Each structure stands twice: as structure tokens, then as C-alpha cells.
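In: structure for the following, please:
(chains A and B)
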2 protein chains.
Amino acid sequence: MIEPITGLSNPAVKYLRSLRDKKHRRRERRFMAEGLRLLTDARVTGHLPVILAMAASRDPHPLLDTLIGEVAAGGGRVLELSEAALTKVTGKDNPQAVCGVFDEFDTALNRIDRSSSSIVLVTQAMRDPGNLGTMLRTADAVGAGGLVLVDGCADPFSVEAVRASMGAIFTVPLAVAPWSDFREWLRSGPGQLVGASLRNAQEYRGAPYQSPCFVMVGNESRGLPQDLEDECDLRVTIPMHGRADSLNAAIAGAVLSYEAVAVLCRDRG
Amino acid sequence: MIEPITGLSNPAVKYLRSLRDKKHRRRERRFMAEGLRLLTDARVTGHLPVILAMAASRDPHPLLDTLIGEVAAGGGRVLELSEAALTKVTGKDNPQAVCGVFDEFDTALNRIDRSSSSIVLVTQAMRDPGNLGTMLRTADAVGAGGLVLVDGCADPFSVEAVRASMGAIFTVPLAVAPWSDFREWLRSGPGQLVGASLRNAQEYRGAPYQSPCFVMVGNESRGLPQDLEDECDLRVTIPMHGRADSLNAAIAGAVLSYEAVAVLCRDRG
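Out: Residues are numbered from 1 along each chain as shown, chains lettered A, B, ... in the order given. Below you'll find the predicted structure:
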């Protein structure tokens, strides 16, 4: 049931390693998640890896035993690697003792159900995979109906994004689309587009958010392009009290999302 | 005025490289900041590097010329490195064309002036330098009187933290202290200690924040230890609407800080 893998040039090691590379990930339509906690979160939400890889020197753990049993029962491969091989796979000196390979999810816009929640998060050209993963985590925390990635965002299936999502990659509906496609889809149904902006914007606090509310933040250094801002039904700004003129994009997204959710809950209640 | 530095084993290259290492940084009490934007933010707020290093192949830029002139006039060294040497120094394949070495700031608790603002941020055992830098940036954005690092936080002078702070390392008063020292200092004057917590906590929104309000968040995975929570005058919690039970620590800190600032401004107004 458990396949021992020896050597660093074993094809399985090379295959796992290749998934750190976006090109290979795209071709295979698979991605990697690391750590027992993340893999357990995935399992609990109905996602089993097609390949489970762990160190031969691992400590035993009942959650890992459960995972091994379910992956094997589901027809997946369970591999046991040397520490050196696992280091090669994960790219970290101190690899977590287990990682899993998952089939990528469908990321079509119709994965987002706008009737499922009062809020959906949208990012445009967000380049940092850590920020993207954090946005997924925030989307989970505010109970968002999903996260839409518009126009040249980082790869949400990168190891860094998956790690920063702390499991939210498995729980938050995710869509990837060009702006024009997203706009068309958005306008085909109910939805208020709210943009984080500095132009013609009102204070974010207590602004007239409406459900379903699509909260959009832009690129880390440039913010939203003007044509996207122009399309917004509401532009809001977070006041800056210091010397800098901006917040981290994922922070701005979270502050706006929590405010919108609070206003929408109040109006509903 | 500009010293050309040749070779990778030049002592200046080795010295700059050594500052990526915490041990050397501590001993030298110096830290490094990268990029023209960060260095310009530093200059504007009255901080000049003691060493300025840049690629010989750099593009000319008026802000860089200003910086070079002021560093030289102030008695600092201005070094011109090969791209290979700059890559060695910054540890990045694609180094930004300029970096500077600064004397560390004093981080005693008396750097924090609790009468200067209605809010001060506090982190306990925050391990991720990116989160720490983001907290600094958030502290700047909310106009906080400072950021206090309690008990085993990451090094705020690491390259990663400085980078994530987007210049706030130069603008936000920073203190580093053991919990017992911080508690004693806190209780020696006015101040409400507010902890992000799940135990006996009330909804963060509209909670009775009082100025000066010390908003404290804990370690990324463990949160605040019980004895710190017990000391809090107010414990607040951010509702979680999803499957996960937590937010990124820097996100939680920002959501709480913006709420506290809004409540305090409202009460004042």
C-alpha cells in the first residue's frame, strides 16, 4: 500500500518536484499542499490527494494514518521518501513531514453562486501569492461566496498561495477570469461592485453596501486601473492616518470585507 | 565620492552580505533596506544610510542622485557593485538596484509616547517577519503611536520585515520588550489593554475601546497565552463565518485596529 521511493532521481520525486513550477503545474492541472493540518482540512472538506508523499522518518500520527487509508482506498498513491528527497520536493530545508498532490479545481465563473452569500471577494492583478492565499483565508473567515481573480493575478495553486490560504483553497469557491468576462458575468445578475479606490471614493465605514456585494481590490502597487474603477457601483476608501499612502492589499481587502459584512448584516437584521 | 567595489570577496561585499544574518545584524546593530522607494521614504523621514550600495549598471535617477549626495555629505559610504556582487548581498536573483545600511533604532519602551495617539499596536510572539512588517505598515496607516513587540517576535530589522513594512520601519516608533517589562510600563500610566481572544471575549465591533488603546494580537498559530489574556482589560473576537477558526494574525490586527480607531474617533467627535 505504501510505496518506498529511493533515490533523488526517482521519477516520482522528479514529478513531485516539477509541480513547484507553474508551467508543469498548468500542464498537469495538479497542485501541491504541504503539512498534515492542511491535508486534514482538505480531507474533511471532501478533497483527497491523488498522491500522498511523506518522510520515511516521520512520527506516527492517527490523522496521518486516516489519510493514508483513505488515499489508498480511493485509488491514490502513497509514497514514502527519504528526508533528502522530501527536501527536494518541497524546496525547504526543514520539510513538513507530508505533502499531497491534488487535481486542480475548476475555476470557471459559474463556480461562484451569488445567492449563497452577501459578499464575494474580487482581486485584480494581485501578484503576491502570499497575499492571494491570505485573501482566500479572509474570504473563508467572512463567509464569502467565493474569490474571483481578475486579470493576471498570481497562481492560486502555487505552494505559497496554498500555504497562506491555511486550507481555504479547499473551502472557498475560486474563479479566474479576464476582466471583460467577469464584468459580463457580473452584470448578468444582481450584484454591487465595490472598489477600493482613491478617486471619487467615500469613506468605507458605513458606506451603502448592498447584497450581493462584490468587494474588489487591485494590484499591490498600482491599485485598480481606471476603467475598472469606473465600472464600480461604489468606490470606497480606507482613511490613512500615517505617512504612507497605502495598506497591504490583502489587509485592505480584509478591512473592507469585514465592514461590508457588518453593514449588510445590520441592514438585514 | 563613489567607491567602485570589485569582486565577490571584497570585504565590503562580505560585510553587506553578513547583515542578512541575524547574528551579525545584532552584533553590528545595523540593518539593511532595499529599493529606491524605501530609501527615499527613509531620507524624507530623516534617516540616511551609513552605507549606500548600488549596481554599477543602474539606470540614473534624480532621487538616487539626491540620496548619493546626502549620504556622502553626511559622511556615509557610497559603494558601486557589480550585479553579481549585489545579487550576493541581497540574496535575490534580480536585486533592486540599490540598498542601504542603517543604524538600528533604539527600541526601548520609552520610545512609545502614549499621549501621541489614541492607539498603540502590540504583538506577542509573532514569528513571521512579513506579518511583522505588515503590522508596522498597518500601525502607520491607523496613525498608531507605535508598535510594541513582546516575547519572542521575529526580528523587525530583518530584510523581509523591513520590506513588508514599506517604509513604516522608519516612521512608526518601535519597542521590543519582555512581557513583564511591558506590563509594568503599561500599568505605570493610562492605557487599556485589548486582546484578540476567543475566551470570554466580546464582539470586536463597537466594543468599549478607550484611549490610549493598546491592541494586542498573539502568535500566528497559538494566539495569546492565557496569562496575557487574563491581563487584558478588554477581550474582543472577530466573528468567523467560514470553516476555518482563524484569520492571519496581521489581518486580525488590522481589522481590530481600524475598528478601535473608528470607535475612538466617534467617541471623541
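
In: check the closest residue to residue A:249 other than its chain neighbours and give its pLDDT.
Out: Computed as Cβ to Cβ, 6 or more residues apart in numbering or on different chains, the closest residue to residue A:249 that is not its neighbour in sequence is residue A:220, at 4.8 Å. Every residue, glycine included, has its C-beta placed from N, CA and C. Model confidence at residue A:220, given as pLDDT, is 91.

In: next up, the contacts around residue A:220.
Out: For residue A:220, the contact set (Cβ atoms under 8 Å, 6 or more residues apart in numbering or on different chains) comprises A:126-128, A:131, A:248-249.

In: tell me how far the spatially closest residue to residue A:12 that is not a sequence neighbour lies from residue A:38.
Out: Distance criterion Cβ to Cβ, 6+ apart; nearest residue to residue A:12, sequence neighbours excluded, is residue A:5 at 5.1 Å. For residue A:5, the distance to residue A:38 equals 21 Å [Cβ to Cβ, to the nearest Å].

In: residue A:138 belongs to a helix, doesn't it?
Out: Yes: judged by DSSP: H, G, I helix; E, B strand; the rest coil, residue A:138 forms part of a helix.

In: for it, give its distance to residue A:246.
Out: From residue A:138 to residue A:246 the distance is 18 Å (Cβ to Cβ).

In: so for these two, which residue has more residues nearby?
Out: residue A:138 (29 against 18; other Cβ atoms under 10 Å in any protein chain shown).

In: out of everything not next to it in sequence, what's closest to the more buried one?
Out: Closest to residue A:138 by Cβ to Cβ, 6+ apart is residue A:254, at 4.5 Å.

In: swap in residue A:34?
Out: residue A:99 (4.4 Å).

In: show me the domain layout of chain A.
Out: Using automatic domain parsing, the domain parsing of chain A gives A:2-103, A:109-268.

In: least reliable of these by average pLDDT, please.
Out: domain A:2-103 (a mean of 91).

In: any idea how far apart the tips of that domain sit?
Out: Across its full length, domain A:2-103 reaches 20 Å between end residues, using Cα to Cα, to the nearest Å.

In: how far is it from where the chain is centred?
Out: 19 Å (Cα atoms, centre = their mean, to the nearest Å).

In: same check on stretch A:258-269?
Out: 24 Å.

In: which parts of it are buried?
Out: If you call a residue buried by 16 or more other Cβ atoms under 10 Å in any protein chain shown, then stretch A:258-269 has these buried ones: A:258-264.

In: circling back to that earlier point, keep only those of the contacts of residue A:220 that are in helices.
Out: A:131, A:249 (DSSP state H).

In: got the residue ranges for the strands in the stretch 1-150 of chain A?
Out: A:2-4, A:30-34, A:51-55, A:77-81, A:98-103, A:119-124, A:147-150 (DSSP state E, counting those that start in this stretch).

In: next, count neighbours for the residue nearest to residue A:68 when sequence neighbours are not counted.
Out: The spatially closest residue to residue A:68, leaving aside those adjacent along the chain, is residue A:78, at 5.4 Å (Cβ to Cβ, 6+ apart). For residue A:78, the count of nearby residues is 18 (other Cβ under 10 Å).

In: name all residues that make contact with residue A:10.
Out: Counted by Cβ under 8 Å, 6+ apart, residue A:10 has contacts residue A:85.

In: against residue A:89, how distant is it?
Out: 11 Å.

In: buried residues in stretch A:136-144?
Out: A:136-144.

In: excluding its backbone neighbours, what's nearest whichever residue of the stretch 1-150 of chain A sits closest to chain B?
Out: Minimum separation of the stretch 1-150 of chain A from chain B (Cβ to the nearest Cβ) falls at residue A:143, amounting to 2.8 Å. Spatial nearest neighbour of residue A:143, excluding adjacent residues (Cβ to Cβ, 6+ apart): residue B:241 at 2.8 Å.

In: contacting residues for that neighbour?
Out: Taking Cβ under 8 Å, 6+ apart, one finds A:141-143, A:261 in contact with residue B:241.

In: filter those residues down to just the ones in helices.
Out: A:141, A:261.

In: identify each buried residue in stretch A:144-152, please.
Out: A:144-151.

In: for chain A, list the residues in contact with chain B, please.
Out: The interface of chain A toward chain B, taken as Cβ under 8 Å from any Cβ of the partner chain, is made up of A:41, A:45, A:130, A:134, A:137-144, A:164, A:166-168, A:171-172, A:205, A:238, A:240-244, A:246-248, A:250-251, A:254-255, A:258, A:261-262.

In: pull the residues that contact stretch A:141-148.
Out: A:109, A:111-114, A:116-117, A:119-123, A:135-136, A:138-139, A:172-177, A:182, A:212, A:214, A:254, A:257-258, A:261, B:238, B:240-242, B:244, B:246-247.

In: rerun that using 6 Å as the cut-off
Out: Stretch A:141-148 is contacted by residues A:112-113, A:116-117, A:119-122, A:135-136, A:139, A:172-175, A:182, A:257, A:261, B:240-242, B:247 when judged by Cβ atoms under 6 Å, 6 or more residues apart in numbering or on different chains.

In: what does stretch A:100-119 give?
Out: Counting by Cβ under 6 Å, 6+ apart, residues outside stretch A:100-119 touching it are A:29-33, A:39, A:49-52, A:143-146, A:157, A:173-177, A:185, A:189, A:191, A:211-213, A:260-261, A:264.

In: tell me, how many residues neighbour residue A:202?
Out: Around residue A:202 there are 13 residues (other Cβ under 10 Å).

In: show me what contacts it?
Out: Taking Cβ under 6 Å, 6+ apart, we find residue A:202 in contact with residue A:236.

In: that one pairs with what?
Out: residue A:236 (DSSP bridges).

In: quick check: it vs residue A:12, distance?
Out: Distance, residue A:202 to residue A:12, using Cβ to Cβ: 55 Å.

In: could you do residue A:40 as well?
Out: Taking Cβ to Cβ, one finds residue A:40 at 23 Å from residue A:12.

In: and for residue A:83?
Out: Distance from residue A:83 to residue A:12, by Cβ to Cβ: 15 Å.

In: all helices for chain A, in order.
Out: For chain A, the helices defined by DSSP H cover A:11-18, A:22-28, A:36-44, A:62-73, A:83-90, A:129-141, A:159-165, A:179-187, A:226-231, A:249-268.

In: output the ones you listed in CSV; the columns should cover distance to residue B:232.
Out: Formatted as CSV, those follow (distance: least, Cβ to Cβ, whole Å):
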stretch, distance to residue B:232
helix A:11-18, 45
helix A:22-28, 44
helix A:36-44, 27
helix A:62-73, 33
helix A:83-90, 38
helix A:129-141, 22
helix A:159-165, 28
helix A:179-187, 43
helix A:226-231, 41
helix A:249-268, 21
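
In: most packed of those helices?
Out: helix A:129-141 (a mean of 27; mean count of other Cβ atoms under 10 Å in any protein chain shown).

In: so what's the gap between that helix and the chain middle?
Out: That offset, for helix A:129-141, works out to 6 Å (Cα atoms, centre = their mean).

In: could I get it in PDB with only the CA atoms?
Out: This file holds the C-alpha atoms of helix A:129-141, laid out as PDB (Å, rounded to 0.1, in the frame of the first residue of the first chain):
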ATOM      1  CA  PRO A 129       0.900  34.500  -3.800                       C
ATOM      2  CA  GLY A 130       1.000  35.100  -0.100                       C
ATOM      3  CA  ASN A 131      -1.500  37.900  -0.400                       C
ATOM      4  CA  LEU A 132      -3.600  35.800  -2.600                       C
ATOM      5  CA  GLY A 133      -3.700  32.900  -0.100                       C
ATOM      6  CA  THR A 134      -4.400  35.400   2.700                       C
ATOM      7  CA  MET A 135      -7.400  36.700   0.600                       C
ATOM      8  CA  LEU A 136      -8.700  33.200   0.400                       C
ATOM      9  CA  ARG A 137      -8.400  32.800   4.100                       C
ATOM     10  CA  THR A 138     -10.200  36.100   4.600                       C
ATOM     11  CA  ALA A 139     -12.900  35.100   2.200                       C
ATOM     12  CA  ASP A 140     -13.400  32.000   4.300                       C
ATOM     13  CA  ALA A 141     -13.500  34.000   7.500                       C
END
